[in-house]
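In: fold the following for me, if possible:
(2 chains)
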Protein chains: 2
Amino acid sequence: MKIGIVGLGLIGGSLGFDFQAQGHEVIGVSRREETCQQAIDLGVVQTASTHLAALEAAEVVFLCTPLDRLIPIAHSLIPHLNSATIVTDVGSAKATIVQTLEPLWPNFIGGHPMAGKAESGLTVAQGGLFHKKPYVLTPTAQTPNPALTTVTGLVQGLGATLYTCPAEAHDRAVAWISHLPVMVSASLLAACDRETDAQVQTLAQHLASSGFQDTSRVGGGSPELGVLMARYNRAAILASLDQYQATLTQVHTWIEQEDWSALTAFLEQTQRQRPAYLE
Amino acid sequence: MKIGIVGLGLIGGSLGFDFQAQGHEVIGVSRREETCQQAIDLGVVQTASTHLAALEAAEVVFLCTPLDRLIPIAHSLIPHLNSATIVTDVGSAKATIVQTLEPLWPNFIGGHPMAGKAESGLTVAQGGLFHKKPYVLTPTAQTPNPALTTVTGLVQGLGATLYTCPAEAHDRAVAWISHLPVMVSASLLAACDRETDAQVQTLAQHLASSGFQDTSRVGGGSPELGVLMARYNRAAILASLDQYQATLTQVHTWIEQEDWSALTAFLEQTQRQRPAYLE
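Out: Numbers count the residues shown, from 1 in each chain, chains lettered A, B, ... in the order given. Predicted coordinates:
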């Protein structure tokens, strides 16, 4: 199959590795000539170009740019495609993207491969990145069956664990487990910075160990990614934040009122809840 | 030196291992006969007893019980000691303990070895647990010099990194990096449980990966420990929670008002802040 990939970073590059290994013909598109050459040298793509016209013959195109580039890229890409071409994306928020792209290109299906690394870019792309990782597809009632079947087959070929659900369900789920944690974790770092006693702050920095490091990890991640999540999944993040703030207020009240039996019951419940979120 | 250890769990047992290895004579006290025998068999102590009177000859006594047992145990222990005996504790909150124990026993110095494991109890005790880990001592203006010098020497013998500060500074620092994270992390789990759509909640559980797992880790820990932290470090936790809630409210406002430049600046700052808290 001829597969186009627009955006040759960690995700686009890693998809290219796997598809090439499976014997597909991968055509890459990047804004930078240098990245195109690098992708060819690495074996991520068979051919690469800085022009979207290179994707004319592609049967499936994966849009692998950052979230805020997906819609502009789709607008530029469409004039070069024939109506049989299936377009899919890898954006980490789905409802806005699906609602915008489906009317533009009916042969579209939204997707979200949930694999990542601390680093980004083509140089850290790797084969097998999606193996046993979740890959969510968000078809609508209008999604053509061949588009769903073809992309499903490609996702299964990656060895990924496929989930199919409405875009809105995806967005609410990732708000809880991916986007809210970024805000929760970043706010922990920011709150510590509000400590006015320099001795206490320095001591806190020295005493911090694995517990603080784990809780603060995703809050120290890419600011660009954090803002894109908030922009493209705004409603779901706000709803999750509301629930989170209400929970914290309750915890504050229990501690203030020294209601240790309520706090005990709460922490017993969270201890019981956590295993359901572990692999 | 004759060293007494009251409470033969992870911390008491691990101190015993190291002190015995250094040639000190360790006398253990546990409420349970079975634990005494086990401690002798493991080589954690030289002798062990269920009676505090066994510590009559001890030169230094480490109180290694849970936080809420420290003060009652000290009351029971004191009648058996001679005034030269130095008493120290390993509690994770210090001001309340120091304010209560110092008037009872002037030859007292508060301490907090910051090493732990996911599991607790004597069976997971080990030599070298405190090596390169922070050990905080919280002397006051009244602490006798020999007590400070002796306990400092023992802490250095463990290979721990010694910090000396007022109990109040310790409590504020650990509220930020240890106690607040427990409430932040537990509230994340509890908020997710408020999701009313079962499909979304199940999907969230399946999609959760390392980011969620790290952010929620300390919130899924021991309820008993979490409640003891809140009880014995209540004022500092409440102050930290106030700052944290104010920070979250700001984040909520930025997302609500789509102030992406403010959110970007915020996440850039937290990204810059985090390395100061890493080892």
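In: please tell me how far A:His80 sits from B:Arg274.
Out: Distance of A:His80 to B:Arg274, computed by Cβ to Cβ, to the nearest Å: 43 Å. All C-beta atoms are positioned from the backbone trio N, CA, C, and that covers glycine.
In: and what of A:Leu104?
Out: Distance, A:Leu104 to B:Arg274, by Cβ to Cβ: 40 Å.
In: neighbour count for the two, which is higher?
Out: Taking neighbours as other Cβ atoms under 10 Å in any protein chain shown, A:Leu104 and B:Arg274 compare with B:Arg274 leading, 22 against 13.
In: residues in contact with the more buried one?
Out: Going by Cβ atoms under 8 Å, 6 or more residues apart in numbering or on different chains, B:Arg274 touches A:189, A:216-217, A:219-220.
In: alpha carbons of stretch A:129-147, as CSV, please.
Out: Once non-C-alpha atoms are left out, stretch A:129-147 reads as follows in CSV (Å, rounded to 0.1, in the frame of the first residue of the first chain):
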residue,chain,number,x,y,z
LEU,A,129,7.0,2.2,19.2
PHE,A,130,3.3,1.4,19.1
HIS,A,131,3.6,-2.3,20.0
LYS,A,132,1.1,-3.1,22.8
LYS,A,133,0.3,0.6,23.2
PRO,A,134,-3.3,1.9,22.9
TYR,A,135,-4.3,3.3,19.5
VAL,A,136,-7.7,5.0,19.5
LEU,A,137,-9.8,5.4,16.4
THR,A,138,-12.8,7.7,16.5
PRO,A,139,-15.1,7.0,13.6
THR,A,140,-18.5,8.7,13.3
ALA,A,141,-21.8,7.5,11.8
GLN,A,142,-20.5,9.1,8.5
THR,A,143,-17.1,7.4,8.4
PRO,A,144,-17.0,5.2,5.2
ASN,A,145,-16.5,1.5,6.1
PRO,A,146,-13.4,1.1,3.8
ALA,A,147,-11.7,3.9,5.7
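In: and it, what's buried?
Out: The neighbour-count check on stretch A:129-147 (16 or more other Cβ atoms under 10 Å in any protein chain shown) flags A:129-130, A:133-139, A:143, A:147 as buried.
In: what about it, near chain B?
Out: Yes. Applying Cβ under 8 Å from any Cβ of the partner chain, one finds stretch A:129-147 touching chain B at A:133-134, A:136.
In: quick one: low-confidence residue ranges for chain A.
Out: Counting by pLDDT under 70, chain A contains no low-confidence residues.
In: state the distance from the closest residue to chain B within the stretch 1-150 of chain A to A:Met229.
Out: Residue of the stretch 1-150 of chain A nearest chain B, by Cβ to the nearest Cβ: A:Pro134 (5.1 Å). Distance of A:Pro134 to A:Met229, given as Cβ to Cβ: 17 Å.
In: likewise for A:Arg217?
Out: 16 Å.
In: between those two, which one's more packed in?
Out: A:Met229 (24 against 20).
In: the more buried one - nearest residue in space that isn't next to it in sequence?
Out: Nearest residue to A:Met229, sequence neighbours excluded (Cβ to Cβ, 6 or more residues apart in numbering or on different chains): A:His179, at 4.4 Å.
In: and for that neighbour, the neighbour number?
Out: Per other Cβ under 10 Å, the neighbour tally for A:His179 reads 28.
In: next one: the one 4 residues further on
Out: Each residue near A:Met183 was counted by other Cβ under 10 Å, and the total is 28.
In: got a list of what A:Asp171 touches?
Out: A:Asp171 touches A:93-95, A:233, A:235-236, counting by Cβ under 8 Å, 6+ apart.
In: farthest pair in those?
Out: A:Lys94 and A:Ala235 (12.5 Å; Cβ to Cβ).
In: between those two, who's got more neighbours?
Out: With neighbours defined as other Cβ under 10 Å, A:Lys94 and A:Ala235 compare such that A:Lys94 has more, 25 against 14.
In: against A:Ala167, how distant is the more buried one?
Out: Distance of A:Lys94 to A:Ala167, computed by Cβ to Cβ: 4 Å.
In: what touches both of these two?
Out: Jointly contacting A:Lys94 and A:Ala167 under the rule Cβ under 8 Å, 6+ apart are A:110, A:138.
In: pick out the residue closest to the middle of chain A.
Out: Geometric centre of chain A, nearest residue: A:Ser92, 3.2 Å, by Cα atoms, centre = their mean.
In: residues contacting that one?
Out: Applying Cβ under 8 Å, 6+ apart, one finds that A:Ser92 lies in contact with A:67, A:112, A:174, A:178, A:228-229, A:232-233.
In: the same query, at a cut-off of 7 Å, please.
Out: Counting by Cβ atoms under 7 Å, 6 or more residues apart in numbering or on different chains, A:Ser92 touches A:67, A:112, A:174, A:229.
In: one step back: okay, now the nearest residue to the residue of the stretch 1-150 of chain A closest to chain B once chain neighbours are set aside: neighbour count?
Out: Spatial nearest neighbour of A:Pro134, excluding adjacent residues (Cβ to Cβ, 6+ apart): A:Met114 at 4.4 Å. A count of nearby residues for A:Met114, using other Cβ under 10 Å, gives 22.
In: who are the contact partners of A:Ile86?
Out: A:59-60, A:107, A:147, A:150-151.
In: near chain B, which residues of the stretch 1-150 of chain A?
Out: A:114, A:134 (Cβ under 7 Å from any Cβ of the partner chain).
In: now do the buried residues in stretch A:264-279.
Out: A:264, A:266-267, A:270-271, A:273-274, A:277.
In: for the stretch 1-150 of chain A, what spans make up the strands?
Out: Here the stretch 1-150 of chain A has its strands, by DSSP state E, counting those that start in this stretch, at A:2-6, A:25-29, A:47-49, A:60-63, A:86-89, A:108-113, A:134-138.
In: now those in TSV, with distance to A:Tyr244?
Out: Shown next, in TSV, are the strands of the stretch 1-150 of chain A (distance: least, Cβ to Cβ, whole Å):
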stretch	distance to A:Tyr244
strand A:2-6	35
strand A:25-29	40
strand A:47-49	43
strand A:60-63	31
strand A:86-89	28
strand A:108-113	22
strand A:134-138	23
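In: so which of these is nearest B:Gln38?
Out: Between B:Gln38 and those, the tightest spacing by Cβ to Cβ is seen for strand A:134-138, at 44.8 Å.
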